[in-house]
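**Student:** Here's my sequence, what's the structure:
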Amino acid sequence: MAKTIAVVALPGVQLLDVSGPLDVFAQANVEAGKKFYAMKVVGSQHGPIHSSSGARLLPDMVAGESAERVDTLLVAGAPNAAEIALSSHVLQWLRATAARSRRYGSICTGAFMLAATGLLDGRRVTTHWAAVDDLARAFPSLRIDEDALYVRDGKLRTAAGVTAGLDLALALVEEDLGRDIAKRVASQLVMYFKRPGGQLQFSRKGETRPTGRSVLQEVQRWVAARPELNHSIASLAEHTGLSPRHFARLFHAEVGITPAAWVETARIAAARTLLENGHDTPKLVASKCGFANVDTLRRAFTKHVGVSPAEYRKQHAMQTP
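**Tutor:** Presented below is the predicted three-dimensional model:
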C-alpha cells in the first residue's frame, strides 16, 4: 500500500510549499521504481484554492470529509499565515489526523496553523526566519530553532522558509527509502542532498537600521558607513557630544541593544555585502569591516550567520561572466 502524503493548503497558500515537497515525493517514486507515496492536496472547503501567486489548486480531499488514512500530514504556509483563523472543523480534523498519522508537521509558516491546534505546545520547531518573532509571541510555549532548515521532534517535523520544504521532504524520503534513493532524488532535482549551513545565512533579521532619537540615528549611520573605524564607546559618545556613560545608557534604552552589539551587527552586515560581491577575500573583508583579523571575523560571522565567511562567499557571491 502506498503511503499517503497529505499537504494541507489553505487560501493564500505559498505554492512552492505545496508543489516543492510533492515533487520530491513524486521523484522518490520514480527512483524507487514503485508508487511508494500517494500525494494528496487537502483543502478547507470545496473548490479551487487560490495561492498567494494567483495560481489555483484543486484539492484532492477536504478536511473533515475524508476518513482516508494519512501516513504523513504536512501543513503548508502562507504569507499571511499569522492572520489565518482556522475553522473548528479544520482544527478538529488536523488534531485527529495528526494523532492517527505516523508523522506530521508544517512547512514554513504552516507552523502557525499547526500550532493553533495545540499539537506543538512545548515542542521544538522551526519556521521561516522572518516569522520567528511573531510565532514566538503567538505561541510562547514553543521552542523555536531559528537557524534550522528543518527540525525533527518525535513524530513532529517542521521546515523553515519555502525551499526548506524540499529539504524536509528529502529527509523524509531518506527516512523511508534510504540514503541512496534520497541522493538520487536530490541529483535529479538538482538540489543539495544536505544543504550547507542553516537559514541564518539567508536571514536579514536584525540587520542594522537607524532607530532612536536623531542623534543616535546619526551615529548609527556613521558606523554603517565607516565600519572599519575604531568604534569604541568613547569614540561614539564623542561623535554625539554626550558623555560615554550617558551615551551607553541612552543607546541601550532606545535602540534595545548595547552600542558594542550594534557595531558588531553593522560590521557583519557590511561583511555580508562584501562577500556577496565576491571581489574580496575574507582576510580583506575583515580589514575593511573593522575586525582585528580574519579569525575574529570568522567567529563573529559564524555566530550571526551560521556559516563561515568563506562558505558564505562560496554560496552567495555574485557570479561574474
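**Student:** mind listing what the residue lying closest to residue 275 once chain neighbours are set aside touches?
**Tutor:** In this structure, residue 275 finds its nearest non-sequential neighbour in residue 313, 4.3 Å apart by C-beta to C-beta, 6 or more residues apart in numbering. From N, CA and C alone the C-beta is placed, and that goes for glycine too. Listed by C-beta atoms under 8 Å, 6 or more residues apart in numbering, the contact partners of residue 313 are 275, 276, 278, 282.
**Student:** So what's the residue count around residue 309?
**Tutor:** Applying other C-beta atoms under 10 Å, we find 27 residues neighbouring residue 309.
**Student:** With residue 42 instead?
**Tutor:** 29.
**Student:** just the one 5 residues further on next, same as before
**Tutor:** Counted with other C-beta under 10 Å, the burial measure for residue 47 works out to 11 neighbours.
**Student:** Report pLDDT for it.
**Tutor:** Residue 47 carries a pLDDT score of 95 in this model.
**Student:** check which helix or strand covers it.
**Tutor:** Per DSSP states H and E: residue 47 is located in neither a helix nor a strand.
**Student:** any idea how far it lies from residue 62?
**Tutor:** 9 Å (C-beta to C-beta, to the nearest Å).
**Student:** Buried ones in the helix or strand bottoming out on mean pLDDT in the chain, by neighbour count?
**Tutor:** Lowest on mean pLDDT, DSSP states H and E among the helices and strands of the chain sits helix 309-316, with a mean of 87. Within helix 309-316, the residues that count as buried by 16 or more other C-beta atoms under 10 Å are 309, 311, 312, 313, 315, 316.
**Student:** Closest one to residue 98 out of the residues you listed, please.
**Tutor:** Among those, residue 315 lies closest to residue 98 (C-beta to C-beta), at 34.9 Å.
**Student:** dump the residue contacts of the closest residue to residue 75 other than its chain neighbours.
**Tutor:** Of all residues not flanking residue 75 in the chain, residue 110 sits nearest, at 3.7 Å (C-beta to C-beta, 6+ apart). Residues in contact with residue 110 (C-beta under 8 Å, 6+ apart) are 8, 17, 74, 75, 76, 77, 78, 81.
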